[in-house]
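Chemist: Output the structure for:
(one chain, ligands or ions: 2)
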Amino acid sequence: MHSKEQISHDEYQKTADWLMSQTQHRPQVAIICGSGLGMLCDTLKCQDSFAYSDIPGFPQSTVQGHAGRLVFGELKGKTCVCMQGRFHMYEGHSLCKTTFPIRVFKMMGVDTLIVTNAAGSLADGLQPGDIMIIKDHVNFPGLVGLNPLSGPNDDKFGLRFPAMSGCYDRGLRCLAMEIAKQQGVAGLTREGVYAMVGGPNFETIAEARLLHRLGVDAVGMSTAPEVVVATHCGLRVFGLSLITNKVATSYEDGESVDHEGVLEVGRLRSLAVQQLVAELVSRLEINNNSDGAV
Ligand SMILES: O=P(O)(O)O[C@@H]1C[C@H](O)[C@@H](CO)O1
Ligand SMILES: Nc1nc2[nH]cnc2c(=O)[nH]1
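Modeler: Ligands and ions are numbered 1, 2, ... in the order given. You can find the predicted model right below:
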């Protein structure tokens, strides 16, 4: 079951060492591409890319719209590593496996993690095609003990009881809003709360109404475990959700969602998301003390 599997420090190190032996790039920024957002990798220059199936210890991506490649390259003067495809709990991966790359990135010297996802909107002010800068999350699996940090704590990575109150960096959220204004997409962009549910089914009407009443702005099936592990090991985090659909909350209107529709909105908004992320990366101030030693 999820919480029992443990991955040793040596296993993360082995993967980090293998990647560093295969590429000259030493990433400062890691980017995780959500469903339909794999094009974020296209902006990287001087790419070195690896199929997940060739990387020792890496899980495999099984979801359409998640290519399963790790891409290293330069973006606006920063060295980045980009996951073209992430791992979800509903694919059957343990939570340690879904978050495996995060600790590998930390060991490679990454300072900042940018997470993206596709999500359904529960908020009146968020329409398909809008960009939600994640202010905070509700980790539903985590609240009932399905947490990648369950099990013995590895003190080399972080504290047994890490705080999560500031896990989405305030400075980066403000910077992203400023960039959205400068790029003329402020009307499409606002902050909100993301909730992770286990999936893979989309919400029932009753579940959607419950999430809405709880103050959730957008719901998806990923991200929270990655952010918990990143915050635990001291990475600075920025997150955004591309709103791909409204979550149906009425028995009358017959609204429905499917994965192909989710991917289609990703394609339509790819340029706006790409430009926002690229400008954010270019304006990041990197903490050069991050030498990857954990
Ligand atoms: O990887 P993300 O969270 O972007 O993927 C979302 C949630 C499901 O995996 C999928 C549903 O269409 O999109
Ligand atoms: N749980 C969930 N995940 C999504 N990913 C994209 N849209 C949705 C949605 O409506 N619900």
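Chemist: Every contact and neighbour count from this point should use C-alpha atoms.
Modeler: OK.
Chemist: chain center to stretch 270-285, what's the gap?
Modeler: Relative to its chain's centre, stretch 270-285 lies at 15 Å (Cα atoms, centre = their mean, to the nearest Å).
Chemist: okay but L40 is in contact with L276, surely?
Modeler: No. Taking contacts as Cα atoms under 8 Å, L40 lies outside contact range of L276: 10.2 Å.
Chemist: Can I get stretch 186-194 in CSV? Just the C-alpha atoms.
Modeler: Coordinates of each C-alpha in stretch 186-194 appear next as CSV, following Å, rounded to 0.1, in the frame of the first residue of the first chain:
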residue,chain,number,x,y,z
ALA,A,186,-4.1,39.7,-16.3
GLY,A,187,-7.8,39.3,-17.2
LEU,A,188,-7.2,35.6,-17.5
THR,A,189,-5.1,35.2,-14.4
ARG,A,190,-6.0,35.1,-10.7
GLU,A,191,-4.9,33.4,-7.5
GLY,A,192,-6.8,30.5,-6.0
VAL,A,193,-6.8,27.4,-3.9
TYR,A,194,-6.2,24.0,-5.6
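Chemist: buried ones in the helix or strand containing D17?
Modeler: Under DSSP states H and E, the secondary-structure element containing D17 is helix 9-22. Across helix 9-22, burial judged by 16 or more other Cα atoms under 10 Å covers 12-13, 15-16, 19.
Chemist: Quick one: residues contacting I114.
Modeler: Residues near I114 by Cα atoms under 8 Å, 6 or more residues apart in numbering: 29-32, 237-239.
Chemist: do V227 as well
Modeler: By Cα under 8 Å, 6+ apart, the residues touching V227 are 115, 167, 237.
Chemist: Among those, which one has the most neighbours?
Modeler: Within the contacts of V227, V237 tops the neighbour count with 25 neighbours, counted by other Cα atoms under 10 Å.
Chemist: Per-residue confidence, that one, what does it come out as?
Modeler: With respect to pLDDT, V237 scores 98.
Chemist: what about the residue nearest to it when sequence neighbours are not counted, is that helix, strand or coil?
Modeler: Spatial nearest neighbour of V237, excluding adjacent residues (Cα to Cα, 6 or more residues apart in numbering): L113 at 4.9 Å. What DSSP: H, G, I helix; E, B strand; the rest coil gives for L113 is strand.
Chemist: What's the local residue count around L113?
Modeler: Look at L113: counted by other Cα under 10 Å, it has 26 neighbours.
Chemist: about what we covered before: ligand 2: which of the contacts of V227 is nearest?
Modeler: Comparing these against ligand 2 with Cα to the nearest ligand atom places V115 closest, at 14.2 Å.
Chemist: What pLDDT is listed against that closest one?
Modeler: The model's pLDDT for V115 equals 98.
Chemist: you'd agree it is up against L242?
Modeler: No. The pair V115 and L242 fails to qualify as a contact (Cα under 8 Å) at a distance of 11.0 Å.
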